[in-house]
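> build me a model from this:
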Amino acid sequence: MIRTKSHRLRRALILAALLAGLFSSWSCSRTVAASDFQTWQWLTVRVWKTNDFRVTLYGDNRMAEDSSRQKLFILGPRVAQRISPNWNLGAGYLFLDIHKLANNRWRHEHRLDFAVSPNLPITEKLSLHSRNRIELRWLERSKGAIPRARHRLQLRQRINKGRIESVYCNNEFLIDYRQGEYSENRIVPVGVGLRLHEHASVDLFYMLQSVRKAAGGWHNNHILGTHLRVRF
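Next up, the predicted model:
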């Protein structure tokens, strides 16, 4: 009995510390000059899978300026390899078409990324997921690759009631190595995973994206997003 209570207390303290870490960066939004409402639509199609290896195709469409203008389109393949029950390695190539809304011009970007993703079960249904990704970006009319790091921490609670599979929250921060600074933060205070079909599911989420401005301060985007997953 004492041991059970001790384990429960330890898990509660771990959970409290993780939630504090997830939401601590919310304070970066306090020095904000403007904000925008956007909608993001993500798509992941699993095209091939073995016990420990999978190949997916990723797509991403983003609408800005109160969701009235397309600002970004992404498409490319990804691979992931499970190296142990709680560790995964990943890599991908993405092609981006980026719309600079201020002058109505489009530019291309090619991106390679490499990820290490450990997972930690906290309870039978509650788990902590970490994704640590290094990106190399080749921007149109720019010389050489631009490196960037992305670190995301996510708590997910499995539910499996009706069509609701899970609820989750996460926070991701991005570091631009060329500028040598913390350049962006993306916090999802709430997301819901829904089962659509035996081979399809969708995540619905709200995100607050905070982007550092060149002139100083931060710009906020309020985002409603979907992530459709299809498995073949």
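> residue ranges in the protein under the pLDDT threshold?
1-34 (pLDDT under 70).
> do that again at 50, thanks
Counting by pLDDT under 50, the chain has low-confidence residues at 27-30.
> what about the strands in it?
32-49, 53-64, 69-84, 87-100, 105-121, 126-139, 146-161, 164-176, 181-197, 200-212, 218-231 (DSSP state E).
> would you turn the ones you listed into CSV with mean neighbour count?
Glycine gets a C-beta too; all of them are placed from N, C-alpha and C. CSV is the format used below for the strands of the chain (neighbours: other C-beta atoms under 10 Å):
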stretch, mean neighbour count
strand 32-49, 15
strand 53-64, 17
strand 69-84, 15
strand 87-100, 15
strand 105-121, 14
strand 126-139, 16
strand 146-161, 16
strand 164-176, 18
strand 181-197, 16
strand 200-212, 18
strand 218-231, 16
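> my guess is Asp176 contacts Ser183, does it?
Yes - using C-beta atoms under 8 Å, Asp176 is in contact with Ser183, at 4.1 Å.
> residues shared between the contacts of these two?
Arg148 (C-beta atoms under 8 Å, 6 or more residues apart in numbering).
> and Thr166, what does it touch?
One correction, residue 166 is Ser, not Thr. Taking C-beta under 8 Å, 6+ apart, we find Ser166 in contact with 156-160, 192-193.
> which one of the residues you listed is nearest Ile146?
Each of the contacts of Ser166 was scored against Ile146 by C-beta to C-beta, and Arg156 proved nearest at 31.2 Å.
> give the contact list for that closest one.
126-127, 129, 166-168, 193.
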